[in-house]
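S.K.: Build me a model from this:
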Amino acid sequence: MTAYLIRRVIQMVIVLLVTSMAIYALLAMAPGGPFSGLRQLAGAKERVSEAQIKEMEKFLGLHLPVQMQYVAWLTGDDWMGVVNPDWAGERKGVLRGDFGRSFKQNRPVVEIIRERLLNTVLLMAASAIVSLVVAVPIGIYSAVRQYSRLDYTFTMGTFFGIAIPSFWFGLMVIIIFGQMFKGWGLPYLPTGGTASVRPPAPGSFLYMVGAAPGTWLDRAVHLILPTMVLSLRSMAGWGRFVRSSMLEVLRQDYVRTARAKGLTERVVIVKHALRNALIPLVTIITFELPILFGGAILIETVFAWPGMGRMYVQALTGFDYPVAQAFLVITAVLTVTATLLTDILYTVVDPRIRFS
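M.R.: This is a model prediction of the structure:
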């Protein structure tokens, strides 16, 4: 097991190194750039000249070759002399937790991530909890009552949840629960942000439950619609997985033996079948967490949720390379870490599996 973990960690380091190179190179070669708008003004003979743009590029360190920019970004420049003292000073590099400074906000990227990360984690946690609470019981019941009306309904619902585009579903949710409910005189839900900035309007759901601006109840109500949309795909996928796993376990010999002993169906399902059917789900959930993190990009944009996903979209549209690079690197780290944890959890939840 120790030798296996050492090999996997080495593989993780290599994968992350190659991934970071690809991320930096692709963003550096992307058309446009932080000064694309200024170059258009320069071409139109406005006040900004091409020489001034060159000076600003030098100020940001973009005049250096890409490979030198990458080395300074990854390892820092304090160990080799300051590469660009006018902009970021001595940088420690990504390997020491320094992602540089934002081009647009002139602030350390770590500070921006710290402000946004909690909102994304909250949305991911709420989505995972809702998906589990809904998917596991329905998947179990659908397997036990195979080919029943509920089973067919659940199957059609999961196909719908997996196939429907998240951004479209989010827009429909906003229209129905935000606009149409308001027109019908029903308690309508907030459709953007994490909290209210003014007292809730009469007729809203916030007003009905008495949620004051900035309270935990106010934040919980704002979380309802984004969680509903983000959890849809996970709910459908996990539910299908639980159903398939449960059906496979119910066909095993030890389940037939338990029934032959005269045990009640409830004991057979809960004590013998369910425990083994949920073993693979633990590993699936671990691997799904980075997918939820990446899936939050569209959801946070649709609902104006100030999280990591919306930060990434704003960084891409504003050519704020350090912020975009930080998001992609964090996503890559989460993905490879989840892969390793998935392999380890196999041995924890199922003692029959051993790595040599």
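S.K.: Does Arg8 touch Leu341 like I think?
M.R.: No - counting by Cβ atoms under 8 Å, Arg8 does not reach Leu341; the two are 10.4 Å apart. Any C-beta I mention is one placed from the backbone N, CA and C, and that applies to glycine too.
S.K.: Need the residues touching each of those two.
M.R.: Here Arg8 and Leu341 have no joint contacts, going by Cβ atoms under 8 Å, 6 or more residues apart in numbering.
S.K.: and the gap between the residue nearest to the spatial centre of the chain and Arg7?
M.R.: The residue lying closest to the centre of the chain (Cα atoms, centre = their mean) is Phe293, at 0.8 Å. Distance check for Phe293 against Arg7: by Cβ to Cβ, to the nearest Å, it reads 26 Å.
S.K.: what's the helix or strand harbouring Ser234 packed up against?
M.R.: Using DSSP states H and E, Ser234 sits in helix 224-250. Applying 3 or more Cβ pairs under 8 Å, 6 or more residues apart in numbering; DSSP states H and E, one finds that helix 224-250 contacts helix 109-144, helix 149-163, helix 166-173, helix 275-277, helix 279-302.
S.K.: What is the shortest one packed up against?
M.R.: In terms of contact count using 3+ Cβ pairs under 8 Å, 6+ apart, helix 275-277 is assigned the packing partners helix 224-250.
S.K.: Report the rounded mean pLDDT for the following helix or strand past the helix it packs on.
M.R.: Following helix 224-250 in sequence order, the next helix or strand is helix 253-260 (DSSP H and E). Helix 253-260 carries an average pLDDT of 88.
S.K.: sorry, back to before: and Thr191, which of the helices and strands packed on helix 224-250 is closest to it?
M.R.: Evaluated over those, closeness to Thr191 peaks at helix 166-173, with 8.2 Å, by Cβ to Cβ.
S.K.: Kindly spell out which helices and strands sit in contact with that closest one.
M.R.: Of the remaining helices and strands, those touching helix 166-173 by 3+ Cβ pairs under 8 Å, 6+ apart are helix 224-250, helix 279-302.
S.K.: Out of these, the one nearest Phe177 is which?
M.R.: Nearest to Phe177 among those is helix 224-250 (6.2 Å), distances taken as Cβ to Cβ.
S.K.: Off-centre distance for that closest one?
M.R.: 17 Å (Cα atoms, centre = their mean, to the nearest Å).
S.K.: what angle do it and helix 253-260 make?
M.R.: 80 degrees (axes from the mean of the first three to the mean of the last three Cα atoms, to 10 degrees).
S.K.: Quick one: mean pLDDT for helix 224-250?
M.R.: For helix 224-250, the mean per-residue pLDDT is 92.
S.K.: Between helix 279-302 and that helix, find me the angle.
M.R.: Using the same axes, to 10 degrees, the inter-axis angle of helix 224-250 relative to helix 279-302 is 160 degrees.
S.K.: Distance check, Ala195 against Gln314.
M.R.: Counting by Cβ to Cβ, the separation of Ala195 from Gln314 is 19 Å.
S.K.: if we can go back for a sec, would you list the helices and strands packed on helix 224-250 in TSV and tack on mean pLDDT?
M.R.: Shown next, in TSV, are those (pLDDT from 0 to 100):
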stretch	mean pLDDT
helix 109-144	92
helix 149-163	91
helix 166-173	93
helix 275-277	83
helix 279-302	81
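S.K.: For Gln69, find the nearest of those helices.
M.R.: helix 109-144 (14.9 Å).
S.K.: Against which helices or strands is that closest one packed?
M.R.: helix 149-163, helix 224-250, helix 279-302, helix 308-317, helix 321-349.
S.K.: nearest to Arg116, of those?
M.R.: The closest of the helices and strands packed on helix 109-144 to Arg116 is helix 308-317. By Cβ to Cβ, the value is 4.9 Å.
S.K.: Summarise which helices and strands that closest one is packed against.
M.R.: helix 109-144, helix 279-302, helix 321-349.
S.K.: can you put those helices in a markdown table and add distance to Gly61?
M.R.: Below are those laid out as a markdown table (distance: least, Cβ to Cβ, whole Å):
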| stretch | distance to Gly61 |
| --- | --- |
| helix 109-144 | 14 |
| helix 279-302 | 27 |
| helix 321-349 | 10 |
